[in-house]
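Engineer: Here is the input, now give the coordinates:
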Amino acid sequence: MSLAAAKKCREPLGAGSEPAVVEAMALVHKLDQAPPPDDAEDEAPLYAARRKIYPQAVSGTFRRIKWAVLVATLGVYYLLPFVRWDRGPNAPSQAVLIDFPNRRFYFFFIEIWPQEVYYLTGLLILAALVLFLMNAVAGRVWCGYLCPQTVWTDLFCAIERIVEGDRREHMLRERGPWTTERVARLGLKHFLWIMVAWWTGGAWVLYFADAPTLVRDLATFQAPFVAYLWIGILTATTYVFAGHMREQVCTYMCPWPRIQAALTDEHALNVTYRYDRGEPRGSFKKNAALRQQGLPAGDCIDCLQCLYVCPTGVDIRDGANLGCIQCGLCIDACDSVMAKIGRPPRLIAYDTDLNIKRRQEGKPPQLRIVRARTVLYSALVAVVGAVMLYALATRTTESISVIHDRNPAFVRLSDGSLRNGYTVRIVNKQLAVREFALDITGISNLAYEFVGVPGSTDGRRIVEVGPDQTREVRVLVTSSKALPHSTEIVFRITDLATGLQAQASDYFRGP
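Structural biologist: Reported below is the predicted structural model:
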């Protein structure tokens with residue numbers, strides 16, 4: 001077929017023209033992939049012009065997995081702010097809340113204070129290690145199923161197919177004239193996209209305030225301006241990234257495809273075209289005739305279905321590609337074709353190039369999930385997770401920290417004694433008022449004065465700290481005897497109700 005005939009496939013076609021469309025589209029695809037002529041090399045752009053992609057609907061195992069992940073992840077994201085969790089009086093009742101005004105992070109029964117930022121660090125390390133482990137086992141499985149860009153793009157594509165029709169119908173409609181129906185469909189599609197993007201931005205801000213209250217304030221225009229600002233920003237970014245940029249985000253903006261290439265190895269499973277089975281390609285009738293003659297014939301009939309369903313427009317048969325997010329939709333498309341022509345499934349599958357070479361050599365394939373790389377990542381995940389669980393299980397509900405005065409470090413009084421000043425910070429992480437006895441030990445004959453803290457009947461200093469609060473106490477420590485330049489002293493608090501203790505050390509400084 002000539003190029004001119006191939007380009008005619010862009011025009012609306014009647015019934016019974018499917019074979020011509022398939023053949024023409026195959027030729028156009030090959031011409032698109034062909035290198036430019038020698039005289040055009042100097043004028044070739046740095047980046048190829050974007051080809052608009054029309055992902056075709058497909059059904060199968062991996063499509064069902066993606067639907068399940070989409071429903072689960074978006075369900076959690078949109079509904080979690082409305083889940084309630086009773087923490088008692090004087091505490092928010094939202095299960096997951098990032099409380100910036102009070103500098104707290106609540107996650108069900110866990111409450112994280114600003115001093116406990118190491119928990120956030122541990123979560124980030126754990127997330128990175130899990131990502132590395134996923135990559136070592138099954139390549140870019142994160143990109144194909146769990147990445148927010150993938151999930152929201154999948155949702156936007158589903159809306160587009162519902163409104164505009166599947167691939168061929170959508171393409172024909174866009175090449176046709178502008179009609180009232182086309183304008184109405186286009187307007188409905190973008191309206192639904194904006195509604196999804198708006199609720200995406202709205203759901204995000206609900207994690208930073210009481211969700212029902214903020215929803216009411218937003219509806220009555222009484223919410224703070226910053227809430228409307230962030231909803232607008234996230235609405236715009238979701239609409240642009242998921243509705244218009246789509247695969248461009250994965251190809252040009254995201255650094256992970258480039259990073260993961262350095263973290264993978266030859267044993268990692270990737271979505272792979274099994275060319276040992278598929279080549280040489282040819283039409284179904286041609287390959288069937290070759291098999292009858294005992295000549296080599298592949299299972300690939302060059303139907304291009306794997307290309308049509310790809311959300312990033314990658315032909316998996318060309319080998320490893322930066323744009324491939326390994327979502328597995330091409331596997332479903334190819335399996336459906338293999339079922340129709342009576343050939344075994346999984347011409348495209350999660351596999352390795354090593355296994356393809358082994359099959360070509362007549363050896364059985366190998367699946368090496370357990371190897372040094374995956375064992376190391378699994379061990380690190382287990383260690384970091386165990387450390388975080390232990391820290392959470394043994395964390396205390398009270399703490400003390402001491403800050404020594406920097407200037408002056410000490411003061412010599414008129415009687416020759418030395419005085420040091422300290423700021424003692426006592427933290428009460430419980431939701432009830434607590435009384436702590438504060439004592440200082442480490443040097444004999446010390447005299448200390450608590451500024452603004454009354455003494456008790458037994459001579460101890462009692463510091464009252466409110467529920468879920470921090471209190472700072474000014475302490476002046478005086479020593480009448482000669483001391484070395486720096487002598488360690490210990491500040492200890494004791495909960496009068498439970499007897500729980502916490503301590504911190506610092507130094508008494510002199511000349």
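
Engineer: Rank the helices and strands of this protein by mean pLDDT and give me the bottom one.
Structural biologist: helix 3-7 (a mean of 44; mean pLDDT, DSSP states H and E).

Engineer: What is the three-state secondary structure of A504?
Structural biologist: strand (DSSP: H, G, I helix; E, B strand; the rest coil).

Engineer: Residues in a beta bridge with it, which ones?
Structural biologist: F491 (DSSP bridges).

Engineer: could you list every residue that touches it?
Structural biologist: 400-402, 490-491 (Cβ atoms under 8 Å, 6 or more residues apart in numbering). C-beta: built from backbone N, CA, C; applies to glycine.

Engineer: Only alpha carbons, please: show stretch 465-483 as CSV.
Structural biologist: The C-alpha coordinates for stretch 465-483 follow below in CSV (Å, rounded to 0.1, in the frame of the first residue of the first chain):
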residue,chain,number,x,y,z
VAL,A,465,1.8,21.4,82.2
GLY,A,466,-1.5,21.6,80.3
PRO,A,467,-2.9,18.8,78.1
ASP,A,468,-0.9,18.2,74.9
GLN,A,469,1.3,21.2,75.6
THR,A,470,4.9,22.3,76.2
ARG,A,471,6.0,24.5,79.1
GLU,A,472,9.3,26.4,79.5
VAL,A,473,10.7,27.1,82.9
ARG,A,474,13.6,29.4,83.7
VAL,A,475,16.1,27.9,86.2
LEU,A,476,19.0,29.6,87.9
VAL,A,477,21.6,27.2,89.4
THR,A,478,24.2,28.6,91.9
SER,A,479,27.3,26.8,93.3
SER,A,480,29.3,28.2,96.2
LYS,A,481,32.4,25.9,95.8
ALA,A,482,35.1,25.9,93.3
LEU,A,483,34.3,23.6,90.3
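
Engineer: same question for that stretch, mean pLDDT?
Structural biologist: Averaging pLDDT along stretch 465-483 gives 84.

Engineer: buried set for it?
Structural biologist: 465, 468, 470, 473, 475, 477-479 (16 or more other Cβ atoms under 10 Å).

Engineer: where does the stretch 251-400 of the chain dip in pLDDT?
Structural biologist: Within the stretch 251-400 of the chain, no stretch falls below the threshold (pLDDT under 70).

Engineer: before we move on, the earlier item: closest one to D276 out of the buried residues of stretch 465-483, please.
Structural biologist: Nearest to D276 among the buried residues of stretch 465-483: D468, at 64.2 Å, using Cβ to Cβ.

Engineer: Quick check: nearest residue in space to the residue nearest the centre of the chain, chain neighbours excluded?
Structural biologist: Residue closest to the average C-alpha location in the chain (Cα atoms, centre = their mean): C147, at 5.9 Å. In space, C147 comes closest to I325 once its chain neighbours are excluded; the distance is 7.7 Å by Cβ to Cβ, 6 or more residues apart in numbering.

Engineer: what about that neighbour, neighbour count?
Structural biologist: For I325, the tally of surrounding residues (other Cβ atoms under 10 Å) stands at 30.

Engineer: V370 too?
Structural biologist: By other Cβ under 10 Å, neighbour count at V370 equals 10.

Engineer: In a markdown table: the contacts of A504, plus neighbour count and distance to D86.
Structural biologist: Output for those, formatted as a markdown table (neighbours: other Cβ atoms under 10 Å; distance: Cβ to Cβ, whole Å):
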| residue | neighbour count | distance to D86 |
| --- | --- | --- |
| I400 | 19 | 29 |
| S401 | 16 | 31 |
| V402 | 18 | 36 |
| V490 | 14 | 39 |
| F491 | 24 | 35 |
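
Engineer: Which two among those residues are spaced furthest apart?
Structural biologist: S401 and V490 (12.9 Å).

Engineer: one step back: a markdown table for the contacts of A504, including distance to S93?
Structural biologist: Converted to a markdown table, the contacts of A504 look like this (distance: Cβ to Cβ, whole Å):
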| residue | distance to S93 |
| --- | --- |
| I400 | 30 |
| S401 | 30 |
| V402 | 35 |
| V490 | 39 |
| F491 | 36 |
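
Engineer: wait, which of the residues you listed is closest to V384?
Structural biologist: S401 (25.7 Å).

Engineer: Now do the contacts for the closest one.
Structural biologist: 424-425, 427, 504.

Engineer: go with 7 Å
Structural biologist: 425, 504 (Cβ atoms under 7 Å, 6 or more residues apart in numbering).

Engineer: Need the pLDDT of it.
Structural biologist: 91.

Engineer: so what's it bridging to?
Structural biologist: Here S401, judged by DSSP bridges, has bridge partners R425.

Engineer: Look up how far I493 lies from it.
Structural biologist: Distance of S401 to I493, computed by Cβ to Cβ, to the nearest Å: 11 Å.

Engineer: what's the next secondary structure element after the lengthiest helix in the chain?
Structural biologist: Counting by DSSP state H, the longest helix found in the chain is helix 180-205. Next along the chain after helix 180-205, taking DSSP states H and E as the criterion, comes helix 211-219.

Engineer: Give the buried residues for that next one.
Structural biologist: 211, 214-215, 218.

Engineer: Repeat that for stretch 124-136.
Structural biologist: 126, 129-136.

Engineer: quick one: which of those residues sit in helices?
Structural biologist: Filtering the buried residues of stretch 124-136 for helices - DSSP H - leaves 126, 129-136.

Engineer: how about those residues in CSV, adding pLDDT and distance to R104?
Structural biologist: As requested, those are exported to CSV (pLDDT from 0 to 100; distance: Cβ to Cβ, whole Å):
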residue, pLDDT, distance to R104
L126, 95, 21
L129, 95, 27
V130, 95, 26
L131, 94, 28
F132, 94, 31
L133, 94, 31
M134, 93, 31
N135, 93, 34
A136, 93, 36
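
Engineer: will you turn these into TSV that also has distance to V76?
Structural biologist: Listed next are those as TSV, based on distance: Cβ to Cβ, whole Å:
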residue	distance to V76
L126	18
L129	22
V130	17
L131	19
F132	23
L133	22
M134	19
N135	23
A136	26
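
Engineer: Great, nothing more from me.
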